[in-house]
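Enquirer: predicted model and sequence below, questions to follow.
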Amino acid sequence: MAEPMKFAVAGAGGRMGRMLMKAVLVHPGCELVAAFDRREAKAQGEDAGVLAGLKPAGITVRHDAATALDVADGLLDFTGPEATLSYAPETAKRGSVHIIGTTGLSDAQEEQLRKLTEGARVVRAGNFSLGVNLVCALTKAVAERLGPDYDVEISETHHRHKTDAPSGTALMLGRSAAEGRGIDLAQNMVSGRDGITGPRKEGTIGFSSIRAGEVIGEHTVLFAGLAERLEFKHVATDRALFAGGALAAGLWGRSREPGFYTMMDVLGL
């Protein structure tokens, strides 16, 4: 039997950080060896197990990412753009598995991330859910077959605390639709309509975002033709869904060559 994979968790005091630590601590094939957060985070000095809602794990939350990565095989990173970019050289230097669920990166930051992580085994996804990635695959296939006569609209709802829009998952779905049509999403996306916008331009992909309450995540892809509509909808009801997918990606990445992968690679899609 293979040795348990040793994970460090970034952003340990956040909601996803706590969920990731819990997932690692209860998984028989994984071991939590370090947890860290911003120097000013309230979680500093706390026990990782207690933060995760479990019994004490004997692992104290620190702020030094480099020290944490020295003892880990992989990093679970659902933080923010600047934090992820600061961790990237450290995982690259060590050849670590770097699981990145961070959203809100600009195009320039995405390009920078790819350069900084050269040498690491990266799995990068806007969403680590099996269901979402299957919807992405379906969206691409349907967009390819229906063509521009069908308008594509992607709507998403998240909790009031989310800071970026459209969500990383919505952008994943939009890229899938764009790939199916053989177009560039950046040149064809319409987000946040307001005022006198004029008629809808053929071939564009629309996005709309709602922020309310404690909604974990809901996404709908709408294909609307002149005489029919087709919808794919995904509703997340527990953040454990994303943590489980992140662990699966980490275990998958352990045996891979250095490179930049997605959940489509992990799932064989």
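Expert: Okay, I see it.

Enquirer: all contacts plus neighbour counts: C-alpha atoms, from now on.
Expert: Will do.

Enquirer: ok, longest helix in the protein?
Expert: Longest among the helix segments of the chain by residue count, using DSSP state H, is helix 130-146.

Enquirer: buried set for that helix?
Expert: Neighbour-count burial for helix 130-146 flags 130, 132-144 (criterion: 16 or more other Cα atoms under 10 Å).

Enquirer: can you list the residues you listed in TSV and add pLDDT and distance to P56?
Expert: Listed next are those as TSV, based on pLDDT from 0 to 100; distance: Cα to Cα, whole Å:
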residue	pLDDT	distance to P56
L130	89	31
V132	94	33
N133	92	34
L134	93	37
V135	96	38
C136	95	39
A137	94	41
L138	96	43
T139	97	43
K140	96	45
A141	96	47
V142	97	48
A143	97	49
E144	96	51
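
Enquirer: in JSON lines, list those residues along with distance to E3.
Expert: Below are those laid out as JSON lines (distance: Cα to Cα, whole Å):
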{"residue": "L130", "distance to E3": "25"}
{"residue": "V132", "distance to E3": "30"}
{"residue": "N133", "distance to E3": "29"}
{"residue": "L134", "distance to E3": "31"}
{"residue": "V135", "distance to E3": "34"}
{"residue": "C136", "distance to E3": "33"}
{"residue": "A137", "distance to E3": "33"}
{"residue": "L138", "distance to E3": "36"}
{"residue": "T139", "distance to E3": "38"}
{"residue": "K140", "distance to E3": "38"}
{"residue": "A141", "distance to E3": "39"}
{"residue": "V142", "distance to E3": "42"}
{"residue": "A143", "distance to E3": "43"}
{"residue": "E144", "distance to E3": "43"}
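
Enquirer: quick one: pLDDT of the residue lying farthest from the centre of the chain?
Expert: What lies farthest from the middle of the chain is A227; by Cα atoms, centre = their mean that is 35.2 Å. Looking at A227, its pLDDT is 94.

Enquirer: now A2
Expert: Reported pLDDT for A2: 75.

Enquirer: can you confirm it is in a helix?
Expert: No - with DSSP: H, G, I helix; E, B strand; the rest coil as the criterion, A2 is located in coil rather than a helix.

Enquirer: how close does it sit to E218?
Expert: 37 Å (Cα to Cα, to the nearest Å).

Enquirer: more crowded one of these two?
Expert: More neighbours surround E218 than the other of A2 and E218, with 18 against 5 (other Cα atoms under 10 Å).

Enquirer: tell me which helix or strand that one sits in.
Expert: Using DSSP states H and E, E218 sits in strand 217-224.

Enquirer: can you give me the helices for the stretch 151-269 of the chain?
Expert: Counting by DSSP state H, counting those that start in this stretch, residue ranges of the helices within the stretch 151-269 of the chain are 168-181, 185-188, 240-253, 263-267.
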